[in-house]
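Trainee: could you look at this predicted model? Sequence included:
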Amino acid sequence: MQSPQQARWDAAMRVLWFLKSSPGQGIIFPKENDLTLVAYCDSDWASSPLTRKSTTEFLMKLGSTPVSWKTKKQTTVSNSSSEVEYRAMNQATSEIICLRSLLSCLQVQCNSPTVLHCDNQAAIHIAANPVYHERTKHIEVDCHFIRRHLQARTISTSHIPTKKQQAGIFTKALGASSFHELMVKLSAHDPRPPT
């Protein structure tokens, strides 16, 4: 606001154009839906040009329908992309635990581990292997609770290619075709034609 630039004006106009072209955009909850909780987590390493803090995003889906999502700037500057992804897994695991508890209260059984999709293989290896010292020396102790939930079979991890990472839509600049493909996967639908 103090120093307006053309790039920021163009970005604001793109947001307004998107909102005007899709006034009825919403999420469809199908009548027949699988009640399996699936999670996606991603991060954008050192994405802030001023502070070099990273951004974490996660998406929780119950069957094919998104039920929870979040994008947040991390509080610390991370030394590697693996550390950033591991912190994203940490936040996603916390959300999984809350949602599994909520589903249990609603008498929806979660008998199998919740699959947590991550596009960083190093972060998955850190979660599975406590002796992965080279990459874990900068990660805080409280982040290691992921390993406890892996061992307790609350979650299981799965590698997913970056192009298929559904959580990436929240922070990454995507081309039109990738954006629309992910919107379909998020069950987003606009029943009205654009005005």
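Mentor: Sure thing, it's come through. Residues are numbered from 1 along each chain as shown.
Trainee: pLDDT score assigned to residue 49?
Mentor: pLDDT recorded at residue 49 is 60.
Trainee: residue 53 in helix, strand or coil?
Mentor: Three-state assignment for residue 53 (DSSP: H, G, I helix; E, B strand; the rest coil): coil.
Trainee: isn't it right next to residue 87, touching?
Mentor: No - between residue 53 and residue 87 there is no contact under Cβ atoms under 8 Å: 10.9 Å. All C-beta spots, glycine's among them, are computed from the backbone N, C-alpha and C.
Trainee: surely residue 119 meets residue 44?
Mentor: No - at 11.6 Å, residue 119 does not count as touching residue 44 under the criterion of Cβ under 8 Å.
Trainee: so which residues of this protein form strands?
Mentor: 26-27, 37-44, 55-62, 65-73, 114-118, 155-159, 188-189 (DSSP state E).
Trainee: and those strands, which one is worst for confidence?
Mentor: Mean pLDDT values for the strands of the chain show the minimum at strand 188-189, a mean of 67.
Trainee: show me where this structure has helices.
Mentor: Secondary structure of the chain (DSSP state H): helices located at 6-21, 81-105, 121-128, 133-136, 145-151, 176-185.
Trainee: of all those, which one comes closest to residue 39?
Mentor: For the helices of the chain, proximity to residue 39 was assessed by Cβ to Cβ; helix 81-105 is nearest, at 5.2 Å.
Trainee: quick one: the closest residue to residue 55 other than its chain neighbours from residue 88, how far?
Mentor: Leaving aside its chain neighbours, residue 55 sits nearest to residue 44 (4.4 Å; criterion: Cβ to Cβ, 6 or more residues apart in numbering). Residue 44 sits 9 Å away from residue 88, going by Cβ to Cβ, to the nearest Å.
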